[in-house]
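Enquirer: using only what follows, build the 3D model:
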Amino acid sequence: MAQRSPELDRAMRDMIVDSSNDATSLIVDVLTGTTSGPELPPDPFETWKQQRNIVNRYFKQLGWPEFNTINVNQKTWGDGAYGRERAFVGSMLENRNKLTTNAVARLLHSIVGGVAVSSQACSEIMGYMKRDRRPQVLAADPENQVTGFIGDGLPLEAGVWSKAGWMSQVRHDAAYVELPDALPYELVVFTEGEAQSKSEAVIPFISQQIAIAMRELTAALSS
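Expert: From the prediction side, this is the model:
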């Protein structure tokens, strides 16, 4: 229902490629018809909350059981929410975003398969998720979504399409991987805690172990 525009396209690109909070904020505004701002009186705030929850209702109506327990109605922030956004997340943060690895894997699988939205849109999303892992490219972008993530544990010739989530208390990553000597696969890794958030070793180690297992599985199926 949203009309494409140069600004919306730029925001979608920056949201996926660079994990821009500001770009994500615009996407949420466009999808829900809501905006951030000062706190609202009770009745207008109820209307605002109903509008913002369009995103949750969209995923629920897909009928995928992996989406039954998720919450994706909050914007992402650098310093945190203020005004009506802070009231919406709740005094105890009870309405914060919640995801599971299974839900993310199901969504990623539908994007890779070209059925999450239109096949053309899925192809566009995949283009944004493709990670250039050449050392000179990564060195030029210290906040890239490869170093310390799934792509960091794979050989350079592997194809990696991924989207990371990283903040002070979590380091997450989801990736579709194509190795030259193994069947393609998805890997979703969530970690929690300040120590894990700062660690650039945990997720690459898991990625390496899964790659080894996939090579062994591929060899076994071929024999």
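
Enquirer: what about the helices in this structure?
Expert: Shown for the chain, the helices assigned by DSSP state H span residues 6-17, 21-32, 42-52, 54-61, 84-89, 101-112, 119-129, 135-139, 194-198, 202-222.

Enquirer: with distance to Gln74 added, can I get those in CSV?
Expert: For glycine as for every other residue, the C-beta is placed from the backbone atoms N, C-alpha and C. Output for those, formatted as CSV (distance: least, CB to CB, whole Å):
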stretch, distance to Gln74
helix 6-17, 14
helix 21-32, 8
helix 42-52, 9
helix 54-61, 9
helix 84-89, 6
helix 101-112, 15
helix 119-129, 21
helix 135-139, 30
helix 194-198, 19
helix 202-222, 24
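
Enquirer: with respect to Tyr185, which of those helices lies nearest?
Expert: Using CB to CB as the measure, helix 202-222 is the one of the helices of the chain that comes nearest Tyr185, at 5.5 Å.

Enquirer: any chance of TSV for the helices of the chain, columns distance to Val160 and mean pLDDT?
Expert: Converted to TSV, those look like this (distance: least, CB to CB, whole Å; pLDDT from 0 to 100):
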stretch	distance to Val160	mean pLDDT
helix 6-17	13	97
helix 21-32	22	97
helix 42-52	33	98
helix 54-61	25	96
helix 84-89	32	98
helix 101-112	12	98
helix 119-129	9	97
helix 135-139	12	95
helix 194-198	21	94
helix 202-222	9	98
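
Enquirer: out of those helices, the one nearest Ser162 is which?
Expert: Put simply, out of these the one that sits nearest Ser162 is helix 119-129, at 6.0 Å, with distance taken as CB to CB.

Enquirer: list the buried residues in that closest one.
Expert: Cys122, Glu124, Ile125, Met129 (16 or more other CB atoms under 10 Å).
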